[in-house]
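Novice: pasted the sequence and its predicted model underneath.
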Amino acid sequence: MKRKGILALILVLILALASCGKPGVEILKTVKNNTEKPAVITEPENKTEPEDLEAPGEVDVMVDTAYDEAGMPESIGYPDDWDVPWNTEEYQTFSENRIINTLDHRFSTFAADVDTASYANVRRFLTSGDLPNIDAVRIEEMVNYFNYDYDYPQGNDPVAITTELIDTPWNANSKLLLVGLKARELDNTERKPSNLVFLIDVSGSMDMPNKLPLVKRSFLLLTENLTENDRISIVTYASSDEVICSGVNGSDKASIIRHIEDLTAGGGTHASQGIKTAYMLAQENFIPGGNNRIILATDGDFNIGITSDGDLKRMVEENRQQGVSVTTLGFGVGNLKDSKLEILADNGNGSYHYVDTIFEARKVLVEEIGSTLEMVAKDVKLQLEFNPKQVIGFRQIGYETRQLNREDFADDSKDGGEMGAGHTVTALFELYLHGSEELVPKAAEGRYGKDNSDPESSPFEDELLTVNMRYKEPEGDTSKLISKAVKKDLLTNSPSNNMLLASGVAAFAGLLRDSEYFGNYEFKDVSEQIMKLDTTDSRVEELLHLIKLASELSDLVGIRRNVIEDNSQMNKQIEILALENSYKAGIAP
């Protein structure tokens with residue numbers, strides 16, 4: 001009784017002062033003078049929304065304290081909604097591209113990427129009051145969410161290359177290179193007939209307002225834009241798959257709408273069987289020279305049949321050779337399997353989009369329907385060759401999951417990216433010129449030397465680099481090459497809207513990833529840069545709002561982190577004091 005009474009009194013008094021906001025050191029100094037037991041403090045019911053977050057220094061931190069049967073505090077806790085919400089979302093983990101010395105490697109090779117899922121998913125996180133999972137932020141998808149005013153293709157080429165060079169906004173020691181691709185646009189009269197298979201997940205996990213109901217509304221939007229030249233099939237899957245309809249004429253909108261509206265959710269998720277059935281229907285209704293595509297709508301939570309990423313990848317790789325592409329649409333919160341949906345789209349000659357609202361569905365399936373469905377170039381790859389005499393180092397910003405080996409560029413058996421009608425693709429590189437040697441890793445001094453520069457490149461010594469692009473026609477098997485040299489005279493002090501937007505979004509994404517490569521750049525710097533744009537695009541206005549939310553949430557996370565660290569130190573001091581007093585009382589454990 002003596003032991004419990006002494007320790008309980010000491011620690012209760014400490015926590016009484018803690019509730020008054022005194023730091024741990026002051027609490028220890030005054031503990032013997034306090035005699036009241038603290039009340040349990042809980043978080044106010046009215047939780048502040050992200051857009052109304054208080055400034056640092058004005059946030060009241062509430063602490064829950066639990067006591068054991070002896071009246072001893074078990075730990076210093078925190079409000080429940082400070083914990084990371086339970087979820088099983090999955091993202092592909094990757095490390096950011098590093099700075100490369102051109103004496104070691106002067107080539108950068110990668111596949112074009114037109115996925116936009118990351119931006120919409122990041123928007124979902126921020127508008128819900130959370131900072132995104134770091135691996136949910138893929139810089140190239142954030143950048144490519146927006147449209148850019150690049151040079152239009154000339155002649156017979158379906159894609160054109162645009163380049164721009166400026167001083168890097170966040171790094172005084174490098175230059176920022178923009179490489180932009182623009183695909184040929186098509187009007188409605190040029191649109192090919194489409195053979196579409198709506199592959200819809202109706203498993204139990206889809207029974208949420210932001211899942212199957214939103215899926216149905218999304219496909220209803222697409223249905224309104226079908227023509228008599230289109231063929232529509234619908235396959236659903238849960239514990240098993242079911243063919244709802246096959247090869248329905250696009251003009252029979254009433255029938256298609258009825259099938260969609262009748263869908264309900266329940267059961268397991270046998271996605272692989274649904275995918276196999278969808279490929280079978282796509283082949284049965286195949287339109288030679290047309291757009292043959294499966295549109296998969298799901299949260300990606302596959303739990304029956306083939307579920308591993310590797311097996312799914314091999315399945316779509318085998319089928320893409322038959323001329324059927326796969327576009328994936330991700331829905332929902334809590335169990336989104338982002339990595340699976342990205343793999344299916346990237347290896348199925350399609351694109352991946354995350355649909356968080358009906359407005360995003362309209363963007364993907366109505367406003368940009370040509371880009372989403374109408375392929376004008378496939379297996380698009382880029383290879384930048386840097387001149388070591390001019391460029392001593394480089395770093396690609398983004399595209400970590402789309403990297404290729406140097407030899408893959410000219411190998412037509414290696415898959416690249418697909419570009420739909422009107423699509424734009426943007427890639428950014430930081431270039432380190434002479435004078436920035438201390439920032440570039442030293443080249444390895446091998447047995448046979450370290451200079452891999454080509455002596456025959458001397459006629460092109462004034463070039464910084466060459467942008468090479470390969471693509472295939474939608475029905476072709478042999479790639480074609482387009483090249484464009486970049487010289488130092490491209491450098492400008494007046495960045496275009498394209499550069500301001502692309503570099504601003506890249507910096508925003510980099511800050512969300514807590515990247516080490518964006519120096520002292522802050523969210524406010526990104527906002528100031530974006531506000532220089534000469535545009536009335538509502539998406540840019542939304543971007544500024546998201547940057548503001550991210551800034552406020554980052555500030556709040558910093559405050560929470562400091563509180564946790566302070567209270568962790570206080571807990572340690574409490575334990576030490578309790579142990580010291582136990583020894584003094586002769587009741588050491």
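Specialist: That came through fine.
Novice: quote the end-to-end distance of stretch 145-153.
Specialist: One end of stretch 145-153 to the other measures 21 Å (CA to CA, to the nearest Å).
Novice: can you point out the buried residues in that stretch?
Specialist: The neighbour-count check on stretch 145-153 (16 or more other CB atoms under 10 Å) flags 145-148, 150, 153 as buried. (Each C-beta comes from the backbone N, C-alpha and C, glycine too.)
Novice: and if you look at stretch 348-364?
Specialist: Quick answer for stretch 348-364 (16+ other CB under 10 Å): 348-357, 360-364.
Novice: inside helices: which ones of those?
Specialist: 360-362 (DSSP state H).
Novice: I'd like the buried residues of stretch 145-153 as TSV, with pLDDT, distance to Ser308 and secondary structure appended.
Specialist: Formatted as TSV, those follow (pLDDT from 0 to 100; distance: CB to CB, whole Å; DSSP: H, G, I helix; E, B strand; the rest coil):
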residue	pLDDT	distance to Ser308	secondary structure
Tyr145	97	29	coil
Phe146	96	34	coil
Asn147	91	36	coil
Tyr148	96	37	coil
Tyr150	96	39	coil
Pro153	95	40	coil
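Novice: and those, which two are furthest apart?
Specialist: Farthest-apart pair in those is Tyr145 and Pro153; separation 21.8 Å (CB to CB).
Novice: my guess is Ala507 contacts Asp525, does it?
Specialist: Yes. Look at Ala507 against Asp525 with CB atoms under 8 Å: they come within range, at 7.5 Å.
Novice: between the two, which has more neighbouring residues?
Specialist: Comparing Ala507 with Asp525 by neighbour count (other CB atoms under 10 Å), the higher total belongs to Ala507, at 28 against 19.
Novice: now do the contacts for the more buried one.
Specialist: 169-170, 518, 521, 525-526, 529 (CB atoms under 8 Å, 6 or more residues apart in numbering).
Novice: and the two most separated of the residues you listed?
Specialist: Maximum distance among the contacts of Ala507 (CB to CB): 12.1 Å, for Phe518 and Gln529.
Novice: count the residues that sit near Arg513.
Specialist: By other CB under 10 Å, the residues close to Arg513 number 20.
Novice: and Gly476, by the same measure?
Specialist: Look at Gly476: counted by other CB under 10 Å, it has 13 neighbours.
Novice: how near is it to Asn144?
Specialist: To Asn144, Gly476 is 24 Å away according to CB to CB, to the nearest Å.
Novice: pretty sure Ala345 is in a strand, no?
Specialist: No. Applying DSSP: H, G, I helix; E, B strand; the rest coil, one finds Ala345 to be helix, outside a strand.
Novice: which ones are touching it?
Specialist: Contacts of Ala345 (CB under 8 Å, 6+ apart): 115, 326-328, 351-352.
Novice: now do the domain split for this protein, please.
Specialist: 2-83+556-584, 104-186+376-528, 191-369 (automatic domain parsing).
Novice: reformat the ones in helices among the buried residues of stretch 348-364 as CSV; add pLDDT.
Specialist: Shown next, in CSV, are those (pLDDT from 0 to 100):
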residue, pLDDT
Glu360, 96
Ala361, 96
Arg362, 95
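Novice: between these, which is nearest Ile134?
Specialist: Glu360 (22.2 Å).
Novice: tally of neighbours for the residue lying closest to that closest one once chain neighbours are set aside?
Specialist: In this structure, Glu360 finds its nearest non-sequential neighbour in Ala120, 5.3 Å apart by CB to CB, 6 or more residues apart in numbering. If you count neighbours by other CB under 10 Å, Ala120 ends up with 21.
Novice: quick check: Ala120 touching His353?
Specialist: Yes. Applying CB under 8 Å, one finds Ala120 in contact with His353, separated by 6.9 Å.
Novice: now do the shared contacts for the two.
Specialist: What both Ala120 and His353 touch, as defined by CB under 8 Å, 6+ apart, is the set Glu360.
Novice: in CSV: the ones in helices among the buried residues of stretch 348-364, plus distance to Gly310.
Specialist: Shown next, in CSV, are these (distance: CB to CB, whole Å):
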residue, distance to Gly310
Glu360, 30
Ala361, 30
Arg362, 35
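Novice: who's in contact with the residue lying closest to His259 once chain neighbours are set aside?
Specialist: In space, and not counting its chain neighbours, His259 is closest to Ile244: 5.0 Å by CB to CB, 6+ apart. The contact partners of Ile244, taken as CB under 8 Å, 6+ apart, are 234-236, 259, 263.
Novice: after the helix or strand hosting Ile244 comes which helix or strand?
Specialist: Element membership for Ile244 (DSSP states H and E) is strand 241-249. The helix or strand immediately downstream of strand 241-249 is helix 253-261, counting by DSSP H and E.
Novice: contact partners of that following helix?
Specialist: Residues contacting helix 253-261 (CB under 8 Å, 6+ apart): 198, 216, 219-220, 223-224, 226, 232, 234, 244-245, 248, 250.
Novice: now the following helix or strand past it against strand 241-249, angle please.
Specialist: Counting by DSSP H and E, the next helix or strand C-terminal to helix 253-261 is helix 271-284. Angle, helix 271-284 to strand 241-249, by axes from the mean of the first three to the mean of the last three CA atoms, to 10 degrees: 20 degrees.
Novice: centre of the chain to the next helix or strand after helix 271-284, how far?
Specialist: Counting by DSSP H and E, the element after helix 271-284 in chain order, helix or strand, is strand 291-298. Averaging C-alpha positions (CA atoms, centre = their mean, to the nearest Å) puts strand 291-298 21 Å from its chain's average.
Novice: buried residues in the helix or strand following strand 291-298?
Specialist: Where DSSP H and E defines the elements, the next helix or strand beyond strand 291-298 is helix 309-320. Within helix 309-320, the residues that count as buried by 16+ other CB under 10 Å are 309, 312-313, 315-316, 319-320.
Novice: do stretch 401-417 as well
Specialist: Buried, per 16+ other CB under 10 Å, within stretch 401-417: 401-402, 404, 408-409, 414-417.
Novice: cool, stretch 240-251 as well?
Specialist: Quick answer for stretch 240-251 (16+ other CB under 10 Å): 241, 244-245, 248, 250.
Novice: tell me the pLDDT at Asp83?
Specialist: With respect to pLDDT, Asp83 scores 44.
Novice: same thing with Tyr517?
Specialist: If you check Tyr517, the pLDDT there is 96.
Novice: check Leu312 too.
Specialist: 81.
Novice: sorry, back to before: can you classify the residue nearest to Glu360 by secondary structure?
Specialist: helix.
Novice: which ones are touching it?
Specialist: Contact partners of Ala120, counting by CB under 8 Å, 6+ apart, are 145, 353-356, 360.
Novice: how about 10 Å then?
Specialist: 141-142, 145, 330, 353-357, 359-360, 363-364 (CB atoms under 10 Å, 6 or more residues apart in numbering).
Novice: before we move on, what about Glu317?
Specialist: 347-349, 415.
Novice: can you do 8 Å?
Specialist: Listed by CB under 8 Å, 6+ apart, the contact partners of Glu317 are 347-348, 415.
Novice: cool, Asn319 as well?
Specialist: Here Asn319 is in contact with 279, 348 (CB under 8 Å, 6+ apart).
Novice: now do it against Met280, distance only.
Specialist: 10 Å.
Novice: tell me where the stretch 351-500 of the chain has helices.
Specialist: With DSSP state H, counting those that start in this stretch as the criterion, the stretch 351-500 of the chain has helices at 358-362, 369-373, 497-512.
Novice: to Ser108, which of the ones you listed lies closest?
Specialist: That would be helix 497-512 among the helices of the stretch 351-500 of the chain, by CB to CB, at 16.0 Å.
Novice: which SSE is Phe110 in?
Specialist: strand 107-111.
Novice: for that strand, packing partners?
Specialist: Applying 3 or more CB pairs under 8 Å, 6 or more residues apart in numbering; DSSP states H and E, we find strand 107-111 packed against strand 375-386, strand 391-397.
Novice: reformat those strands as CSV; add mean pLDDT and distance to Ile547.
Specialist: Formatted as CSV, the helices and strands packed on strand 107-111 follow (pLDDT from 0 to 100; distance: least, CB to CB, whole Å):
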stretch, mean pLDDT, distance to Ile547
strand 375-386, 95, 28
strand 391-397, 97, 18
